[in-house]
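A.B. asks: Turn this into a structure:
(2 chains)
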Amino acid sequence: MVALAAQVRRGAIKSRQMVESCLARISAHDKSLHCFNQVFADEARAEADAIDRRIARGEEAGVLAGIPIAIKDNLATRLGRTTCSSKFLAEYRSPFDATVIERIIAAGAIVIGKTNLDEFAMGSSTENSAFGPTLNPWDPERVPGGSSGGSAAAVAAGMCIAALGSDTGGSIRQPAAFCGCVGFKPSYGRVSRFGLVAFGSSLDQVGPLTRTLRDAALLTHVIAGADHRDSTCVNQPSDILPSSATLGELTAAQLPSSNRRVRIGIPRQYRAGNSPAVDAALARAVEALTECGCELVEVDLPMTAQGISTYYVIAPAEACANLARFDGVRYGRRASLGATDSLFDLYAKSRSEGFGPEVQRRIMLGTYALSSGYYDAFYKRALQVRRLIKQEYDAAFARCDALLGPTTPTSAFLLGGCTDPLAMYMCDVYTVNTNIAGICALSLPAGFQKLGDRTLPIGLQLQSQAFADRDLLGVVGSIVERAISPAFALASCI
Amino acid sequence: MAPTAADLTAEEVAHVAKLARLCLDPDRLEAYRAQLSSILGHIASLKSVDVSGVEPMAHPLSISNQLADDVPGPTLSLEQVLMNAPAREGAFIAVPKVLDEGSA
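C.D. replies: Just a heads-up that it's a prediction; the model follows:
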């Protein structure tokens, strides 16, 4: 992406060519894969032509000049609808752009479409979309992961150069792992949440899904930084990459570097309960990292096992408060009412018709956990365990630069293959604690699993401490990417 | 102590649905009762953690009172604010009558 943007700026390739190539992939494969809720073909062509004309006139075009980017459909865009893959918002048009959308457009990017997700980002398979599931481009009988499944599958299938997703408990990293992409969850507070439809306000972050680590670093660099419309977005914009690196042919050598030996921690709790293929990928990575001079240390994270329980109190509690705004009054779906129906009926009927089962389940769970008599036993206790999880990470990061483990215990599972909600929640065992603690984490492709005549990608996750995003996307990530990521062309998967 | 999963009754689930402003048919309520019981059974593992003396952590960042400068900026127009309203009467959003006749 960095090289493509540089070529567009030099006039060596046209943005219009890239847009046409993505649109061709979309028309060839999206009827079956359903990565997109909407494709902005005409608008993308017009924007690409405008960028190409600006470059021909010698004007500045931005670090993402002419790059087609797909947007998860829970990020507000003035263009088209912002549906969250929910019946409730099927016709909703945002009167404003999310901060991250403003920033990528200002950097020259082309918004090519809005991607499918689990309704309101609640799920791990994109099967909870009200508009039907997205299929995994590596094997259409399998899920792409979720909730940013449409974004991950679109990147993998070559329907865009990069995509934006959101991650509340693994929703960028898990689909990145299932689809063979790079996915990055920035530290909490790194990227503005303004215009991201809120799910868990103390957990949500927007981040990139890309083909390479460098692409993820560049896209994060563009979207990160303080925003007066999100008071939890705290840090400065120029923090991810040196400014020279975003404009030229960014090479690994230009990434922030360090002479110190990189120390990678392997939590022993991340070795239990994985599929043999995932364990093998982790073992290969440990060997490759040792060979290239990294120091590997065993670390202990006993609170790993409490992650799902903690998350499934905090996230639904925050969700039930955030989703209270969907009442059928000001926007979204309003149920048709009888003559005697009250305002309560308007709320309850609209919400019951508009929300799918998983969203209702989490609203109920959160409402229960916050209700009178249960607050201390569930919510307060989960917040106490949350601090213990954070303290355990802090102790681990005193001993290493990053923690390595699987992104998911298995590769992509079959569509309809996981029907028990609790079993689905357990898929996120390695990703939820990142959000609970507010730290940053990266999923990198780390090999494949052969399953019959299919090849499924496997992802490994690197977690690092809060606001260590620059090192994780830079020196630490690039060493690990070179050591573990296989060379392969993503769009060859379909 | 937290209630055990077995404590989740049909009445409790109906009460929670009402608090959550959901109207659910009996089949749906029963399905949620069973699923929520199973999830709560798992969550009960939090009871095994010693949290004595641990300050609850509501948020990853220790920031508070972020103040914005008090300067006017652009806002949405009335038309933009109302463009998604499901029922309008002029510059207002229409909803069912809230007050009884005569009580206003």
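
A.B. asks: Pull the number of nearby residues for the residue nearest to A:Thr410 when sequence neighbours are not counted.
C.D. replies: Spatial nearest neighbour of A:Thr410, excluding adjacent residues (C-beta to C-beta, 6 or more residues apart in numbering or on different chains): A:Ser275 at 4.4 Å. For the C-beta atoms, the positions are set from N, CA and C on the backbone; glycine is no exception. Using other C-beta atoms under 10 Å in any protein chain shown, A:Ser275 is surrounded by 15 other residues.

A.B. asks: Phi first, then psi, for A:Ser275.
C.D. replies: Per-residue torsions, A:Ser275: phi -70, psi 150 (degrees, to the nearest 10).

A.B. asks: ok, now A:Gly195?
C.D. replies: With angles defined as degrees, to the nearest 10, A:Gly195 sits at phi 90, psi 0.

A.B. asks: Kindly report the same for A:His34.
C.D. replies: Here is the backbone geometry of A:His34 (degrees, to the nearest 10): phi 50, psi 60.

A.B. asks: And A:Ile69, by the same measure?
C.D. replies: Dihedral angles of A:Ile69 (phi, psi; degrees, to the nearest 10) stand at phi -120, psi 140.

A.B. asks: List the contacts of it.
C.D. replies: Listed by C-beta atoms under 8 Å, 6 or more residues apart in numbering or on different chains, the contact set of A:Ile69 reads A:Ile104, A:Ala109, A:Ile110, A:Val111, A:Ile112, A:Cys160, A:Ile161, A:Ala162, A:Ala163, A:Leu164, A:Leu219.

A.B. asks: Specify the local secondary structure of the first one.
C.D. replies: Okay, so that is A:Ile104. The three-state assignment at A:Ile104 reads helix, by DSSP: H, G, I helix; E, B strand; the rest coil.

A.B. asks: Can you give me the pLDDT of whatever residue of chain A ends up closest to chain B?
C.D. replies: Nearest residue of chain A to chain B, counting by C-beta to the nearest C-beta: A:Gly438, 2.4 Å away. For A:Gly438, the pLDDT comes out at 97.

A.B. asks: doesn't A:Ser187 make contact with it?
C.D. replies: Yes - between A:Gly438 and A:Ser187 a contact is recorded at 6.3 Å, counting by C-beta atoms under 8 Å.

A.B. asks: quick one: common contacting residues for the two?
C.D. replies: Listed as contacting both A:Gly438 and A:Ser187 by C-beta under 8 Å, 6+ apart are A:Ala466.

A.B. asks: ok, so what distance separates the residue nearest to A:Thr410 from B:Leu76?
C.D. replies: 50 Å (C-beta to C-beta, to the nearest Å).

A.B. asks: Residue 47 - how many residues pack around it?
C.D. replies: Using chain A here. 23.

A.B. asks: Sorry, I should have been clearer: chain B.
C.D. replies: B:Lys47 is flanked by 13 other residues according to other C-beta under 10 Å.

A.B. asks: Same question for B:Ser48.
C.D. replies: The number of residues packed near B:Ser48 is 9, by other C-beta under 10 Å.
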